[in-house]
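J.: Can you look at this prediction? I've put the sequence above it.
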Amino acid sequence: MDENGYYTGYIGKWHLAGVPRDQYIPSGEGRLGFEEWKVCNCSHAYMDAYYFDEDNNRVEIEGYEPIEQTRLAIDFIERNSKEKQPWCLYLSWGPPHDPYRSVPDSYLDIYKHMELRLRDNIPSTIKHTLNKTYTVDQIKDFIKGYYAHITALDEQFGRLIRALEQTGQIDNTIIIYTSDHGDMLGSQGVTNKQWPYDESIKVPLLVYWKGNTIKGVSDELIGLVDLPV
């Protein structure tokens, strides 16, 4: 993208720099060519978050991390609309990864009293680690938080779409919405994501480009490494 005149930016979770997880990513090869930079290597403290900017300054985030990351993305979209130059932005939210309750109460309250119908493959006792298990009631609580995160992200995605519409860029912007993994959430009696089951490996991949994408659903097996190609 850089070589073809695009201004590039990355906002959000990076998770490519190993440990320590709170390290900043120095400019150069470590940033893989991205010019604008508002990045946290890896943290799941969604209500107590931060990022490092282009000059490695640490910036604390007040409130829910995806809301501020979306604001930064909208600022990027608006500025580059005025510059009338092609751009490529990667926005990487952390949720709905656990912790599932680390989300504003306004979203948690939506599901607080909801009766959930669990998958048939969730047993009465769920294994988390070798020495820790969860009950079905605990899993239900996690799922409610998971839904709360998803609802919050739906709202943030809507903000991005409106920004593209208001700046007149929606018709010539390719939008890709996807994820790096799913979550077991008690299915098959486990919680962690490193399992070859549908709940973990099947993720959304939505692509929109007005006049160019074909509406439909495909069951073809692909991986995220296929996207740049």
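T.: Okay, I see it.

J.: which stretches of this protein aren't confidently modelled?
T.: Applying pLDDT under 70 to the predicted model, the residue ranges of the chain that meet it are 229.

J.: mind running it again at 80?
T.: Judged against pLDDT under 80, the low-scoring parts of the chain cover residues 83-84, 228-229.

J.: And the helices in it?
T.: In the chain, helices defined by DSSP state H lie at 65-83, 105-111, 136-166, 198-201, listed in chain order.

J.: mind giving me CSV with those helices and columns for distance to I174 and mean neighbour count?
T.: All C-beta atoms are positioned from the backbone trio N, CA, C, and that covers glycine. Converted to CSV, the helices of the chain look like this (distance: least, C-beta to C-beta, whole Å; neighbours: other C-beta atoms under 10 Å):
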stretch, distance to I174, mean neighbour count
helix 65-83, 13, 18
helix 105-111, 29, 15
helix 136-166, 11, 17
helix 198-201, 25, 16
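
J.: Using TSV, lay out those helices together with distance to L32.
T.: Formatted as TSV, the entries for the helices of the chain read as follows, by distance: least, C-beta to C-beta, whole Å:
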stretch	distance to L32
helix 65-83	17
helix 105-111	32
helix 136-166	22
helix 198-201	25
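
J.: between these, which gets nearest to S27?
T.: helix 65-83 (17.9 Å; C-beta to C-beta).

J.: quick one: stretch 59-73 to chain centroid distance?
T.: 13 Å (C-alpha atoms, centre = their mean, to the nearest Å).

J.: Name the residues that touch it?
T.: Counting contacts by C-beta atoms under 8 Å, 6 or more residues apart in numbering, the residues outside stretch 59-73 that touch it are 11-12, 38, 45-47, 49-53, 89, 91, 93-95, 103-104, 152-153, 156, 159-160, 163.

J.: Show me which of those residues are buried.
T.: Buried members of these, counted by 16 or more other C-beta atoms under 10 Å: 11-12, 38, 46, 49, 51-52, 89, 91, 93-95, 103, 152-153, 156, 160, 163.

J.: among the contacts of stretch 59-73, which are in strands?
T.: I11, G12, K38, Y50, Y51, F52, L89, L91 (DSSP state E).

J.: if I look at the third one, how far off is W87?
T.: Read that as K38. In this view, K38 and W87 are 14 Å apart by C-beta to C-beta, to the nearest Å.

J.: before we move on, what about the fourth one?
T.: The spacing between Y50 and W87, counted by C-beta to C-beta, is 25 Å.

J.: swap in the fifth one?
T.: Y51 sits 19 Å away from W87, going by C-beta to C-beta.

J.: and what of the second one?
T.: Computed with C-beta to C-beta, the distance linking G12 and W87 is 16 Å.

J.: Thank you kindly, that will do.
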